[in-house]
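Colleague: Let's see this in three dimensions:
(3 chains)
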Amino acid sequence: MFTPSFIIDTITVLGTAAFALSAVLAAHEKHGDIFTILVLGTITAVGGGTIRDTLLDVPVFWAQELSYVYIACFSAAVGFFFYPLLNAKWINKIYLYIDAFAIAMFSIQGTEKAFSLGFGLPVGPIILGVITAVGGGIIRDVLLQRPSLLLTKELYAIPVALGCTVHALTLTYAPSFSEVSAILASCLVIYLRHLSIQSNLMVPNWAILKSN
Amino acid sequence: MFTPSFIIDTITVLGTAAFALSAVLAAHEKHGDIFTILVLGTITAVGGGTIRDTLLDVPVFWAQELSYVYIACFSAAVGFFFYPLLNAKWINKIYLYIDAFAIAMFSIQGTEKAFSLGFGLPVGPIILGVITAVGGGIIRDVLLQRPSLLLTKELYAIPVALGCTVHALTLTYAPSFSEVSAILASCLVIYLRHLSIQSNLMVPNWAILKSN
Amino acid sequence: MFTPSFIIDTITVLGTAAFALSAVLAAHEKHGDIFTILVLGTITAVGGGTIRDTLLDVPVFWAQELSYVYIACFSAAVGFFFYPLLNAKWINKIYLYIDAFAIAMFSIQGTEKAFSLGFGLPVGPIILGVITAVGGGIIRDVLLQRPSLLLTKELYAIPVALGCTVHALTLTYAPSFSEVSAILASCLVIYLRHLSIQSNLMVPNWAILKSN
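Modeller: Below is the predicted model:
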């Protein structure tokens, strides 16, 4: 039962749902209506991959496989009607971990897709991996007029970038280890997110541009 | 004289003009200059269709047919120089109705273009129809740092989505009625916008995500 | 040594660096971290050309020639670590002039690329030239929640548009003078920027939409 493809499918479904839920949480303070929340949920879930596919000049993935859209809409609708649950502390924590698994997997997938198409080697796949994982969230923040996730001091985009870099390096220099590296790079992303969620690990102070 | 193609051309011209004028109205509070207003007017008028064509991977429509750009620029310029008129109540109401006709027609056109290219059937055409009609306005709002039209409580995107859904359903299940459906779906969009403009009909309260 | 291609390469490198530095300056007030600044620097430097290439439906230029990305990252990193220098008045002035050279050259390049592909003649090349030069800066401003450069009263986008127009007109009506025109149009952009930087020349008052 727990074949790799089953696990990947499960993470994809849960991850897409988690991305859509992040839009519900974010739209909450702006009093979005149900339609807006479906739209924002879907954009958040598929936005990063859409930018990636546009840059790669391949057909957008969700038009080939609409389940991404259905999952995002369904999940956003559930989030809308059961909003108070989403705010319960333990559910919120589960949500954060699902999101961590999701960005881990989407960044690896993005890196691999770009690599297999030979896009801008060697660093193109890293860039597209990051875009796949965080692009949707950035569009969500722009549409909701929130400070972009790029500007948070939480560790979010940096773990993604590290994971993509590890995986892209392996694909380039040790392609026979690509499966191991996909798992290890995902674990790296998840572990760093875990540190950020659990121990409030933040971007170190020296790495922040300060006024003088 | 009132052939279907004449009517469609007329609505296209007036609709493109209305979209560009919406940018003049929106840019007003930010004291945009004439060049900015031409740019924003054009982006608002052709932005939605541009995203649609990028996702469909077909040449952008305004590069094939520059009149859209000319109409948008001309209309934005007129709006700039005769701004006080735009604010006159009865002109503003005419403007709102032209805009209603425009979003009705553009959403049907977007739905049809995506359907004829077999993009992400069955829901892909609905999504692209909505993007065609409201995409330009969303970019306008983002560039002007205004709350996105997605977040208004006015009925704007929802009528569009309903119209696109009706038309996409007909195209799929009763293609021989596609012309009737194009007209009926447009009327639905216009009627709902009319209710919103005239009777201040809004998104019902249960459909809005509330803080608790 | 000072062959045309050497000069063009030099301006390209310095211009890409200047665009990336503009992101450091802009991100400063938001306390971005080093990773955010690398990302924003790169987006600012290559964003305009990326939109252009997407609209032209050609492979994105930086995936073909990654030095743009490397230069942008390197320059953003230097800007991060030597930030106080960037604020020194004379360095800031040098930066403004390099930026002026950069937008001049990128707008001419964008116009030429669109023209050579026959995109939306005759005004398509002007539009893409402007997008190439200011698109990255606009994305930067949106991501940082700053008022878009489109809304500044400084002369920035207007010189670019004039330069692109001059060059596109020459390409269309007097193609044998295209090299002369590339230089003259660049000089026009730089001269107008110079007036804006040195003499605080602004958009004239009649050209600004006022409340009444």
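
Colleague: Surely A:A207 touches C:D33?
Modeller: Yes - applying CB atoms under 8 Å, one finds A:A207 in contact with C:D33, separated by 4.9 Å. Just so you know, the C-beta spots here come from the backbone N, C-alpha and C atoms, and that holds for glycine as well.

Colleague: of these two, who's got more company?
Modeller: A direct count of neighbours by other CB atoms under 10 Å in any protein chain shown for A:A207 and C:D33 places C:D33 higher, at 25 against 16.

Colleague: and the more buried one, what are its bridge partners?
Modeller: Assessed by DSSP bridges, C:D33 has beta-bridge partners A:I208.

Colleague: give me every residue that touches it.
Modeller: A:153, A:158, A:203, A:207-209 (CB atoms under 8 Å, 6 or more residues apart in numbering or on different chains).

Colleague: Equivalent analysis for A:R193, please.
Modeller: A:96-97, A:99-100, A:103-104, A:155-156, A:159.

Colleague: Same list (those residues) but as a markdown table, adding pLDDT.
Modeller: Converted to a markdown table, the contacts of A:R193 look like this (pLDDT from 0 to 100):
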| residue | pLDDT |
| --- | --- |
| A:L96 | 88 |
| A:Y97 | 90 |
| A:D99 | 89 |
| A:A100 | 92 |
| A:I103 | 93 |
| A:A104 | 93 |
| A:L155 | 87 |
| A:Y156 | 90 |
| A:P159 | 94 |
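
Colleague: In helices only, show me the residues you listed.
Modeller: Judged by DSSP state H, the contacts of A:R193 include A:96-97, A:99-100, A:103-104, A:159 as members of helices.

Colleague: tell me the two of the contacts of C:D33 that are most distant?
Modeller: Among these, the pair separated by the greatest distance (CB to CB) is A:I158 and A:L209, at 14.9 Å.

Colleague: Confirm A:L121 sits in a strand?
Modeller: No - going by DSSP: H, G, I helix; E, B strand; the rest coil, the assignment for A:L121 is coil, not a strand.

Colleague: Could I get the contacting residues of A:I71?
Modeller: Contacts of A:I71 by CB under 8 Å, 6+ apart are A:13, A:16-17, A:20, A:45.

Colleague: whoops, A:L66 was the one
Modeller: A:L66 makes contact with B:120, B:123-124, according to CB under 8 Å, 6+ apart.

Colleague: Those: which ones sit near chain A?
Modeller: Among those, proximity to chain A is found for B:120, B:123-124 (CB under 8 Å from any CB of the partner chain).

Colleague: so which of these comes closest to A:F82?
Modeller: Using CB to CB, those come closest to A:F82 at B:V123, 23.7 Å.

Colleague: and that closest one, what are its phi and psi?
Modeller: The phi/psi pair for B:V123 (degrees, to the nearest 10) reads phi -90, psi -10.

Colleague: how about the helix or strand containing A:V166: buried residues?
Modeller: Element membership for A:V166, per DSSP states H and E: helix A:157-173. For helix A:157-173, a neighbour-count test (16 or more other CB atoms under 10 Å in any protein chain shown) marks A:157-168, A:170-171 as buried.

Colleague: can I get those residues in JSON lines with distance to chain C?
Modeller: Formatted as JSON lines, the buried residues of helix A:157-173 follow (distance: CB to the nearest CB, whole Å):
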{"residue": "A:A157", "distance to chain C": "6"}
{"residue": "A:I158", "distance to chain C": "5"}
{"residue": "A:P159", "distance to chain C": "10"}
{"residue": "A:V160", "distance to chain C": "10"}
{"residue": "A:A161", "distance to chain C": "6"}
{"residue": "A:L162", "distance to chain C": "10"}
{"residue": "A:G163", "distance to chain C": "13"}
{"residue": "A:C164", "distance to chain C": "12"}
{"residue": "A:T165", "distance to chain C": "11"}
{"residue": "A:V166", "distance to chain C": "15"}
{"residue": "A:H167", "distance to chain C": "17"}
{"residue": "A:A168", "distance to chain C": "13"}
{"residue": "A:T170", "distance to chain C": "19"}
{"residue": "A:L171", "distance to chain C": "16"}
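
Colleague: who touches A:F106 in this structure?
Modeller: Listed by CB under 8 Å, 6+ apart, the contact set of A:F106 reads A:15, A:48-49, A:132-133.

Colleague: Same question for A:L14.
Modeller: Contacts for A:L14 were tallied using CB under 8 Å, 6+ apart; they are A:98, A:101-102.
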